[in-house]
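>>> This is a predicted model, with the sequence first.
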Amino acid sequence: MMTTPDTLRRLPAVATSIALAAAFLLPAATAQASPVGDLQSTQATPSSAATAEATPGKNSKSSTSDHQYAAYSTDPASPLVLVNKDHPLQPRDYAPKDLVSVSGNGTEMVPRAAKAMKKLIAGGARDGQRLTVISAYRSYDHQLALFQRYTRKYGKDYAARISAKPGTSEHQLGLSADVGAASGQCALKACLADLPSGKWIAAHAADYGFIVRYPQDEHETTGYNFEPWHLRYVGTKAAQRMDQQDMATFEEYSDHLVADRKKQKSKTAKKEAAAERQAAREKAARDAEWERQERRAEETRWWPDWARSAFTE
Ligand SMILES: [Zn+2]
């Protein structure tokens with residue numbers, strides 16, 4: 001590099017202008033860091049709010065009676081739909097598109113539930129338990145007639161504990177069936193649970209995707225007395241998870257699925273926010289670099305060529 005006395009005299013001026021440019025750029029670079037920091041703190045708020053939201057649900061689970069369990073699905077065609085007194089069918093007069101008979105008249109279920117029920121009955125037979133479907137799909141009108149009959153017989157309160165108001169029965173989904181011993185012993189009675197067939201049902205229903213929907217001592221949660229005969233198809237994955245995680249009622253399981261979905265959503269939101277922050281940081285760095293180069297070009301525009309080549313490398 002050639003340095004003449006003339007250059008030397010100019011040097012302090014050049015150095016000052018570079019220093020000035022740097023000083024001008026520096027606060028900009030520092031300023032960029034702080035909005036990113038703010039972004040992080042505002043991002044933290046929604047996720048902590050989501051956690052706070054999930055907590056009361058968990059806490060109120062211990063006092064089941066006044067806790068309304070969340071529905072993971074309200075689609076009456078989904079095996080994971082929650083239907084109970086708090087969650088009527090939508091629409092109330094829903095009827096499944098396809099129904100397949102399991103074993104003769106009055107044993108219709110939606111195709112996949114019917115298929116699973118046939119397998120369950122075959123499985124029982126292999127283990128020496130002859131089972132039969134007593135009742136499966138019931139239409140809205142059928143349920144209405146049934147409920148009115150029970151109400152006349154027992155009064156409204158008791159009728160509501162042993163049968164469902166029309167539009168709130170799982171039988172209307174085509175996903176549920178009342179199953180009993182082929183002998184007819186303890187049909188639709190709690191004593192079924194003490195028979196070998198009832199014990200077989202309780203032990204093996206999950207293998208075929210069914211749950212005993214109204215377990216013993218869960219009236220507060222399900223709204224129904226113990227019905228060891230009422231099986232609900234939820235799919236093998238759900239039935240086995242309930243078994244493994246010791247969740248007695250579908251209400252609890254449904255609530256659990258809703259909490260899981262919330263967690264997953266906030267995880268995704270966090271990931272997206274982190275990606276956005278990273279993109280913002282990269283853009284800020286590109287902008288700063290572009291600005292630096294522009295300023296450098298502006299600074300050196302009037303310099304003689306020899307000075308530019310000496311100082312802009
Ligand atoms: Zn039933």
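Structure received.

>>> Does the helix or strand where Trp290 lies pack against any helices or strands, and if so which?
Using DSSP states H and E, Trp290 sits in helix 250-300. Judged by 3 or more C-beta pairs under 8 Å, 6 or more residues apart in numbering; DSSP states H and E, helix 250-300 is in contact with helix 5-59, helix 219-222, helix 236-244, helix 305-311. The C-beta positions use only the backbone N, C-alpha and C, and glycine is treated the same way.

>>> Could I have the CA atoms of the last one written out in CSV?
These are the backbone C-alpha positions of helix 305-311, laid out as CSV (Å, rounded to 0.1, in the frame of the first residue of the first chain):
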residue,chain,number,x,y,z
ASP,A,305,-9.6,6.0,-6.3
TRP,A,306,-6.3,5.4,-4.5
ALA,A,307,-7.8,6.3,-1.2
ARG,A,308,-10.8,4.1,-1.7
SER,A,309,-8.7,1.1,-2.6
ALA,A,310,-6.5,1.8,0.4
PHE,A,311,-9.3,2.0,3.0
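
>>> So which bits of it are buried?
307-308, 310-311 (16 or more other C-beta atoms under 10 Å).

>>> before we move on, what about the shortest one?
Across helix 219-222, burial judged by 16+ other C-beta under 10 Å covers 221-222.

>>> before we move on, what about stretch 178-192?
Neighbour-count burial for stretch 178-192 flags 178-181, 186, 189, 192 (criterion: 16+ other C-beta under 10 Å).

>>> ok, back up a step: among the helices and strands packed on helix 250-300, which one carries the weakest average confidence?
The minimum mean pLDDT among these belongs to helix 5-59 (a mean of 39).

>>> Now the element after that one, going C-ward?
Assigned by DSSP H and E, the successor of helix 5-59 is strand 100-101.

>>> other SSEs contacting that following strand?
strand 108-109, helix 111-126.

>>> mind listing what that strand pairs with, with the direction of each?
Applying DSSP bridges to the sheet, strand 100-101 is found paired with strand 108-109 (antiparallel).

>>> any idea how far Thr236 is from the most centrally placed residue in the chain?
In the chain, the centroid-proximal residue (C-alpha atoms, centre = their mean) is Arg261; its distance is 2.7 Å. In this view, Arg261 and Thr236 are 20 Å apart by C-beta to C-beta, to the nearest Å.

>>> Quick one: neighbours of Arg286, just the number.
10 (other C-beta atoms under 10 Å).

>>> Please read the previous query as pertaining to Ser254.
Applying other C-beta under 10 Å, we find 23 residues neighbouring Ser254.

>>> Next: Leu146.
18.

>>> same check, this time on the one 10 residues further on
Burial measure for Lys156: 11 neighbouring residues, criterion other C-beta under 10 Å.

>>> Looking at strand pairing, list the partners for the closest residue to the ion within the stretch 51-200 of the chain.
Proximity of the stretch 51-200 of the chain to the ion (C-beta to the ion) peaks at Asp178, 4.2 Å away. With DSSP bridges as the criterion, Asp178 is bridged to Ser135, His230.

>>> Can you tell me the element the residue nearest to Ala193 when sequence neighbours are not counted falls in?
Spatial nearest neighbour of Ala193, excluding adjacent residues (C-beta to C-beta, 6 or more residues apart in numbering): Pro228 at 4.0 Å. Using DSSP H and E, Pro228 sits in strand 227-233.

>>> Residues touching that strand, excluding its own?
Under the criterion C-beta atoms under 8 Å, 6 or more residues apart in numbering, residues 79, 109-110, 112-113, 116-117, 120, 134, 170, 175-180, 187-190, 192-193, 198, 201-202, 205, 209-214, 216, 250 lie in contact with strand 227-233.

>>> and the one helix or strand Gly180 maps to with strand 227-233, angle?
Secondary structure from DSSP H and E places Gly180 in strand 176-181. For strand 176-181 against strand 227-233, the angle between stretch directions is 130 degrees (axes from the mean of the first three to the mean of the last three C-alpha atoms, to 10 degrees).

>>> Please list the outside residues in contact with the following helix or strand past strand 176-181.
The helix or strand immediately downstream of strand 176-181 is helix 196-204, counting by DSSP H and E. With C-beta under 8 Å, 6+ apart as the test, helix 196-204 has contacts from 120, 123-124, 127-131, 179-182, 186, 191-193, 212, 228-229, 231.

>>> at 10 Å instead, please
By C-beta atoms under 10 Å, 6 or more residues apart in numbering, the list of residues contacting helix 196-204 from outside reads 120, 123-124, 127-132, 179-183, 185-186, 189-193, 195, 210, 212, 215-216, 228-229, 231, 243.

>>> Check which helices and strands the next helix or strand after that helix sits against.
Downstream of helix 196-204, the first helix or strand assigned by DSSP H and E is strand 210-214. With contacts defined as 3 or more C-beta pairs under 10 Å, 6 or more residues apart in numbering; DSSP states H and E, the packing partners of strand 210-214 are helix 111-126, strand 176-181, helix 196-204, helix 219-222, strand 227-233, helix 236-244, helix 250-300.
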